[in-house]
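> let's see this in three dimensions:
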Amino acid sequence: MLVNREVILAKIEGTYGVDAVPVEGTDAMLVENISWSNEGLRMNERPAVRANIGMLQQVYGGRLMTFTFDVEIKGAGGAVDVPPEFGPLLRACGFGETIAPATDVQYAPVSSLHESITIYYFQDGIRYNVVGIRGNVSFNLETGALGKMTFTLTGHVDAVTDVALASPTYIATVPAALISVPFVIGGFGAIINALTWDMSNTIAMPPDISASDGFAEVQLTQRDPNGSYDPEAELLAVEDPLTDLEDGTVLVIGTGVIGGTLGNRYEVDIPASSYRDVSPGDRDGIRTYDIPFGMAEVSGDDEVLITFT
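Residues are numbered from 1 along each chain as shown. Next up is the predicted model:
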């Protein structure tokens with residue numbers, strides 16, 4: 001089996017934990033750096049007192065499965081109101097999807113009715129069917145690179161079988177590199193190399209003695225969105241991050257539109273960020289700051305808004 005012959009299909013479930021049956025023609029996800037691991041694996045030790053000092057065989061008591069992979073940030077191409085290929089992945093990470101006909105597609109966090117997905121993971125000649133998946137996502141925007149998201153998704157193993165590798169159909173749009181991005185924070189056009197943020201979802205995996213894998217519904221129970229950026233240092237009269245830290249100044253972050261082609265553009269708006277630390281940095285001999293920030297709600301479920309047009 002070859003590492004590079006792997007495919008991910010993902011589809012929103014109508015009912016939690018019921019196989020949504022993703023298909024290769026419409027539900028393929030173009031991903032990078034796929035890995036998986038057993039999550040919450042229970043292997044019960046048996047520390048019996050016996051004449052021998054060896055151990056008895058451990059007994060399996062259930063597991064979940066976690067996928068981790070990266071995805072390019074790009075639009076669907078064509079019409080501005082078509083969701084991007086990875087829309088189901090964002091929705092499984094606590095985002096709600098809003099489609100405004102002929103206008104845009106927006107993603108913002110939600111606190112209830114979290115959706116779940118089914119993933120079919122093809123590892124060359126093996127297919128893993130994993131259902132009831134929810135998880136977390138982080139974002140990385142770096143100068144000259146492609147915007148990327150890293151997903152960590154956990155669900156229930158429904159079946160593992162030998163099947164032929166899928167022949168997926170992917171959206172053909174090419175992502176825009178991060179140049180000519182009008183980054184602004186608190187009304188100031190800072191010179192930065194990178195903007196990152198993590199939704200920091202808390203994923204609960206409660207036990208369920210009646211479940212075949214010993215786990216109940218995977219749930220999102222809390223989030224603490226936070227990020228960082230690395231501006232060049234300025235005179236205090238221009239920008240004073242330490243005072244902003246001490247005063248708890250609330251700063252609006254916006255990227256402006258990234259990309260120039262309709263159907264393949266996006267922008268990020270963070271309406272209420274505040275610094276959590278400020279430390280000195282060095283970029284090619286130029287003094288910078290490393291600034292982690294928190295992302296707060298303004299009117300509820302609005303720590304970040306991602307708009308595709």
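
> for this structure, longest helix please?
Secondary structure of the chain read by DSSP state H shows that its longest helix is helix 241-247.

> and that helix, what's buried?
By neighbour count on 16 or more other C-beta atoms under 10 Å, the buried set for helix 241-247 is Pro241, Asp244, Leu245. C-betas here are computed from N, CA, C, even on glycine.

> now stretch 5-22
6-13, 16-17, 19-20, 22.

> my read: Ser35 touches Tyr121, true?
No: counting by C-beta atoms under 8 Å, Ser35 stays clear of Tyr121, with 10.7 Å between them.

> neighbour count for those two, which is higher?
Tyr121 (21 against 9; other C-beta atoms under 10 Å).

> let's verify that one: helix, strand, or coil?
At Tyr121, secondary structure determined by DSSP: H, G, I helix; E, B strand; the rest coil is strand.

> mind listing what the closest residue to it other than its chain neighbours touches?
With sequence-adjacent residues excluded and distances taken as C-beta to C-beta, 6 or more residues apart in numbering, Tyr121 is closest to Tyr128, at 4.3 Å. Tyr128 makes contact with Trp36, Met65, Ile119, Tyr120, Tyr121, Val157, Ala159, Val160, according to C-beta atoms under 8 Å, 6 or more residues apart in numbering.

> one more time with 10 Å
Taking C-beta atoms under 10 Å, 6 or more residues apart in numbering, we find Tyr128 in contact with Trp36, Met65, Phe67, Ile119, Tyr120, Tyr121, Phe122, Val157, Asp158, Ala159, Val160, Thr161.

> show me what the host helix or strand of it pairs with in its sheet, parallel or antiparallel.
Here Tyr128, judged by DSSP states H and E, is contained in strand 126-142. Sheet neighbours of strand 126-142, with direction, are listed as strand 117-123 (antiparallel), strand 148-162 (antiparallel), strand 194-198 (antiparallel) (DSSP bridges).

> out of those strands, which comes closest to Leu90?
Nearest of those to Leu90, taken as C-beta to C-beta: strand 148-162 at 8.0 Å.

> average pLDDT for the next helix or strand after the closest one, rounded please.
Per DSSP H and E, the first helix or strand lying C-terminal to strand 148-162 is strand 184-185. For strand 184-185, mean pLDDT is 97.

> how far does strand 184-185 sit from its chain's centre?
Chain-centre distance of strand 184-185: 23 Å, with C-alpha atoms, centre = their mean, to the nearest Å.

> which residues are common contacts for Ser35 and Tyr121?
Here Ser35 and Tyr121 share the contacting residues Phe67, Phe69, scored by C-beta under 10 Å, 6+ apart.

> where along the chain do the helices fall?
87-91, 241-247.

> what's the last one packed up against?
Packed against helix 241-247 by the contact rule (3 or more C-beta pairs under 10 Å, 6 or more residues apart in numbering; DSSP states H and E) you find strand 266-275, strand 286-295.

> for the first one, buried residues please.
To tie it back to what came earlier, the one meant is strand 266-275. Using 16+ other C-beta under 10 Å as the test for burial, strand 266-275 gives Tyr266, Glu267, Val268, Asp269, Ile270, Pro271, Ala272, Ser273, Tyr275.

> over to the last one?
Across strand 286-295, burial judged by 16+ other C-beta under 10 Å covers Thr288, Tyr289, Ile291, Phe293, Gly294, Met295.

> report how many residues lie close to the closest residue to the first one other than its chain neighbours.
Taking C-beta to C-beta, 6+ apart as the measure, Thr288 lies nearest to Gly281, with 3.9 Å between them; neighbours along the chain are not counted. A count of neighbours around Gly281, defined by other C-beta under 10 Å, yields 15.

> doesn't Ala194 make contact with Gly281?
No: the pair Gly281 and Ala194 fails to qualify as a contact (C-beta atoms under 10 Å) at a distance of 11.0 Å.

> so what sits against both of those two?
Listed as contacting both Gly281 and Ala194 by C-beta under 10 Å, 6+ apart are Asp230.

> quick check: mean pLDDT of stretch 110-123?
For stretch 110-123, mean pLDDT rounds to 98.

> who are the contact partners of the nearest residue to Gly227 once chain neighbours are set aside?
Closest residue in space to Gly227, ignoring its immediate chain neighbours: Trp197 at 2.9 Å, by C-beta to C-beta, 6+ apart. Trp197 makes contacts with 137-141, 225-229, 253, 268, 270, 273, 292-295, 303-304, as judged by C-beta under 10 Å, 6+ apart.

> okay, the strands paired with strand 126-142, which one's buried deepest?
Stretch with highest mean neighbour count among those: strand 117-123 (a mean of 23; mean count of other C-beta atoms under 10 Å).

> distance of the residue nearest in space to the middle of the chain relative to Glu24?
Nearest residue to the geometric centre of the chain (C-alpha atoms, centre = their mean): Val137, 1.7 Å. According to C-beta to C-beta, to the nearest Å, Val137 and Glu24 sit 23 Å apart.
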